[in-house]
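Undergrad: the following block contains a protein sequence and its predicted model.
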Amino acid sequence: MVIEPSSGVRVQLFVTCLVDLLYPEVGERTVALLERLGCEVAFTREQTCCGQPALNSGHPVAARTVAGHFLDAFAETDGPIVAPFGSCVHMVRHHYPRLFADAAPRQRDLARTLGARTTDLASFVVDVLGRSDVGGRYPGSRDDAPVPVAYHHECHLLRGLGVADAPLALLRGVAGCTVVETERGDLCCGFGGTFSLKMSNVSVAMADEKLDRALAAGARAIVSTDVGCLMHLEGRARRRRLPLAVHHLVDLLEPDGRL
């Protein structure tokens, strides 16, 4: 279903932990973009973690406790729940119904309804608002010399939610850059949350492979929708002193190319 932006659809911002703690500008630019597209953005201050770290670490009981707070925080809200981070969307949409399958009716029903309401930013803009091009400009770029950028598919968005085209459509609408194809661009970057801590050597090797293939394709920047992946890739690029900038997609959708 496509909603006309002029209808003033009310959107609930699900900011996610990493955005809130480490990349608040991504949350701010998400709000700015949605408001520019005619949405009314609400923010439930009671929201905390969705419970994914606990679940991924093998602690479903703890994850359900944290997830239960998420259900309570959003229970009385209305409208789509939008996050600039596909990993947490995947948690709410696909894992909540399983976590609360044997819960009391209220929690079980909330897990289903909130999961159905939760979506990633790019899919909401493209598939719900019907806007595959919202403009934007690569910072400091010139039209006669576009910056080659590589797009990194975050695993949960691509594999878990089946979303590939929406973020690429928005990225191709950004002036001053051009998208280059990398070899096996669908491969994981090696972050994987706690995986990067428990299997650091493998994680680093996977990040370096991703960075090397971006450079081989001529890219001067990597763009993604997952701040965890971006944090991981930026750290390796900085440590290796590689000529690669790293951006969240929403950073490039600012109309005047500000960062």
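TA: Nice, I can see it.
Undergrad: any regions of the protein where pLDDT drops low?
TA: Low-confidence regions of the chain, defined by pLDDT under 70, span residues 1-7, 257-259.
Undergrad: quick one, longest helix in it?
TA: helix 200-216 (DSSP state H).
Undergrad: so which elements touch the following helix or strand past that one?
TA: Per DSSP states H and E, helix 200-216 leads on to strand 221-224 as the next helix or strand towards the C-terminus. Contacts defined by 3 or more Cβ pairs under 8 Å, 6 or more residues apart in numbering; DSSP states H and E place strand 221-224 against strand 147-151, helix 200-216, helix 227-240, strand 245-248. All C-beta spots, glycine's among them, are computed from the backbone N, C-alpha and C.
Undergrad: with distance to G185 as extra columns, can I get these in JSON lines?
TA: As requested, those are arranged in JSON lines below (distance: least, Cβ to Cβ, whole Å):
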{"stretch": "strand 147-151", "distance to G185": "7"}
{"stretch": "helix 200-216", "distance to G185": "8"}
{"stretch": "helix 227-240", "distance to G185": "12"}
{"stretch": "strand 245-248", "distance to G185": "15"}
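Undergrad: can you lay out those as JSON lines showing mean neighbour count and distance to T194?
TA: Listed next are the helices and strands packed on strand 221-224 as JSON lines, based on neighbours: other Cβ atoms under 10 Å; distance: least, Cβ to Cβ, whole Å:
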{"stretch": "strand 147-151", "mean neighbour count": "21", "distance to T194": "25"}
{"stretch": "helix 200-216", "mean neighbour count": "17", "distance to T194": "10"}
{"stretch": "helix 227-240", "mean neighbour count": "20", "distance to T194": "11"}
{"stretch": "strand 245-248", "mean neighbour count": "21", "distance to T194": "21"}
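Undergrad: and of these, who's closest to V41?
TA: V41 lies closest to strand 245-248 among those, at 17.4 Å (Cβ to Cβ).
Undergrad: determine the set of other helices and strands touching the longest helix of the chain.
TA: In this structure, helix 200-216 packs against strand 221-224, helix 227-240, with contacts taken as 3+ Cβ pairs under 8 Å, 6+ apart.
Undergrad: the domain parsing of the protein - what is it?
TA: Using automatic domain parsing, the domains assigned to the chain come out as 5-128, 147-253.
Undergrad: same list (those) but as TSV, adding distance to P139.
TA: As requested, the domains of the chain are arranged in TSV below (distance: least, Cβ to Cβ, whole Å):
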stretch	distance to P139
domain 5-128	12
domain 147-253	8
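Undergrad: between these, which gets nearest to Y138?
TA: When the domains of the chain are compared by Cβ to Cβ, domain 147-253 sits nearest Y138, at 3.8 Å.
Undergrad: now the terminal residues of stretch 90-106, how far apart.
TA: Separation of the first and last residues of stretch 90-106 by Cα to Cα, to the nearest Å is 21 Å.
Undergrad: pull stretch 151-171 out as PDB, backbone CA atoms only.
TA: In PDB, the C-alpha atoms belonging to stretch 151-171 read as follows (Å, rounded to 0.1, in the frame of the first residue of the first chain):
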ATOM      1  CA  TYR A 151      26.700  -0.100  -1.400                       C
ATOM      2  CA  HIS A 152      27.000  -2.700   1.400                       C
ATOM      3  CA  HIS A 153      23.900  -4.900   1.900                       C
ATOM      4  CA  GLU A 154      23.400  -5.400   5.600                       C
ATOM      5  CA  CYS A 155      22.700  -9.100   6.200                       C
ATOM      6  CA  HIS A 156      19.400  -8.800   8.200                       C
ATOM      7  CA  LEU A 157      18.000  -6.400   5.700                       C
ATOM      8  CA  LEU A 158      19.000  -8.400   2.700                       C
ATOM      9  CA  ARG A 159      18.500 -12.000   3.900                       C
ATOM     10  CA  GLY A 160      16.200 -11.500   6.800                       C
ATOM     11  CA  LEU A 161      13.800  -9.000   5.400                       C
ATOM     12  CA  GLY A 162      14.400  -9.600   1.600                       C
ATOM     13  CA  VAL A 163      15.100  -5.900   1.000                       C
ATOM     14  CA  ALA A 164      17.700  -5.000  -1.700                       C
ATOM     15  CA  ASP A 165      16.200  -2.600  -4.200                       C
ATOM     16  CA  ALA A 166      14.800   0.200  -1.900                       C
ATOM     17  CA  PRO A 167      18.000   1.500  -0.400                       C
ATOM     18  CA  LEU A 168      19.800   1.300  -3.800                       C
ATOM     19  CA  ALA A 169      17.000   3.300  -5.500                       C
ATOM     20  CA  LEU A 170      17.400   6.000  -2.900                       C
ATOM     21  CA  LEU A 171      21.200   6.000  -3.200                       C
END
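Undergrad: kind regards, and thank you for your time.
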